[in-house]
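A.B. asks: quick one, fold the following:
(one chain, ligands or ions: 1)
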Amino acid sequence: MEKIAVAGAGAMGGRIGTMIKQAGYDVTLIDYWDEHVAQIQQHGVEIQTEDDTYQLDIEAIHPHEIDTQYDLIIILTKAMQSVEMLQDLKRYDAIKPDTAVLTMMNGLGHHERFSQVIPMSQIFLAVTVWTAGLRGPGQLLLEGTGGIELQRADGEADPRTSTINDIFNNAGLNSTISEDVFQSVWSKATLNSVVNPLCTILNKRIGEFAEYEATRDMIKPIIKEIVAVAAARDVQLSEDALIDKIEATYPEETQGLHYPSMHQDLYSGRYTEVDYLNGQIAKYGDELGVETPNNKLLTHLVHQLELSHVDQD
Ligand code: NAD
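C.D. replies: Just a heads-up that it's a prediction; the model follows:
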């Protein structure tokens, strides 16, 4: 795979794109944010790590400037922009019949939406525990370490899967090929569907949320609904393992001092990914006859907050 694009090159797209670029690959960042693209074109990306700050030259373009086709496209917009991005990539002829289109966005149902635009056989799903921050246009904050699990979305064997896995590993991204990526996608989506809306609605850091003695009573009904919906879609999740995973984020040394990304989005005046988390779980529940009143309520509460925090123009 010679030509690689990262479409949606904010915090996470910036991390993945610059790490692959630094491993010697031909990488282009594609983004809608004019100021960000202009900054990268003029000065490169400024990367701040735990022990260094440096500039990296990397190509950055707006989707309408696409003039080539890519072998691998990694989509890392926020979920609500991803289909528009995929449609633009198609409109500007960036996608060949054998282009692998991979996403590692948080949330559920991305492959189903993408398959309305390109064949399922071109779609790859990944889940990551890497994190990244954006300090401003063209400025990345890359701390900590992580890993990636990936698989073709329809579960079929495909030589491109190991090629992508090798690219990620050559870039130091600690990637593995999964036999069942949906298990990990749903498990991460459960964490995000519990901690993100609750801390956003309560306006609390994760550790502050955990100080309340009945936190487990609050999270269990939400998790039970997700486990039931996942089971109806043939994804087997363990309620106890999910509780452990969520409670592992509470201490200060893990994520206790942080606000989840949904909180950061809302209080920066941006729409959240709630429709791709609790909202998508509720939608699947309605389709499959599984009741999801807690996830529906959380979705409505976050939408209510969006009405008052996001500029509606
Ligand atoms: P992000 O907000 O940094 O970037 C997403 C898109 O928004 C990019 O196209 C970016 O250019 C644009 N954008 C960001 N700030 C902007 C501004 N001020 N004005 C205009 N456009 C702006 O989002 P992200 O954190 O990179 O998340 C991308 C996906 O990856 C999401 O699905 C997220 O849930 C997932 N994810 C993120 C992390 C993380 O640590 N950041 C970790 C795992 C998964």
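A.B. asks: the longest helix seen in the chain near the ligand anywhere?
C.D. replies: When the chain is parsed with DSSP state H, its longest helix is helix 181-202. No: against the ligand, helix 181-202 shows no contacts by CB under 6 Å from any ligand atom, the least distance being 7.4 Å. To be clear about C-beta, it is placed using only N, CA and C from the backbone, and glycine gets the same treatment.
A.B. asks: pLDDT (mean, whole number) over that helix?
C.D. replies: Summarised as a single mean, pLDDT over helix 181-202 is 98.
A.B. asks: alpha carbons of that helix, as PDB, please.
C.D. replies: Extracted C-alpha coordinates of helix 181-202, given in PDB (Å, rounded to 0.1, in the frame of the first residue of the first chain):
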ATOM      1  CA  VAL A 181     -13.400  -6.900  16.300                       C
ATOM      2  CA  PHE A 182     -17.100  -6.300  17.200                       C
ATOM      3  CA  GLN A 183     -16.500  -7.700  20.700                       C
ATOM      4  CA  SER A 184     -13.900  -4.900  21.300                       C
ATOM      5  CA  VAL A 185     -15.900  -2.300  19.400                       C
ATOM      6  CA  TRP A 186     -19.000  -3.000  21.600                       C
ATOM      7  CA  SER A 187     -16.900  -3.200  24.700                       C
ATOM      8  CA  LYS A 188     -15.400   0.200  24.100                       C
ATOM      9  CA  ALA A 189     -18.700   1.600  23.000                       C
ATOM     10  CA  THR A 190     -20.200   0.500  26.300                       C
ATOM     11  CA  LEU A 191     -17.500   2.300  28.300                       C
ATOM     12  CA  ASN A 192     -18.200   5.400  26.200                       C
ATOM     13  CA  SER A 193     -21.900   5.100  26.500                       C
ATOM     14  CA  VAL A 194     -21.800   4.900  30.300                       C
ATOM     15  CA  VAL A 195     -19.000   7.300  31.400                       C
ATOM     16  CA  ASN A 196     -19.300   9.900  28.700                       C
ATOM     17  CA  PRO A 197     -23.000  10.900  29.000                       C
ATOM     18  CA  LEU A 198     -23.100  10.500  32.800                       C
ATOM     19  CA  CYS A 199     -20.000  12.800  33.300                       C
ATOM     20  CA  THR A 200     -21.300  15.200  30.700                       C
ATOM     21  CA  ILE A 201     -24.800  15.500  32.200                       C
ATOM     22  CA  LEU A 202     -23.400  15.700  35.700                       C
END
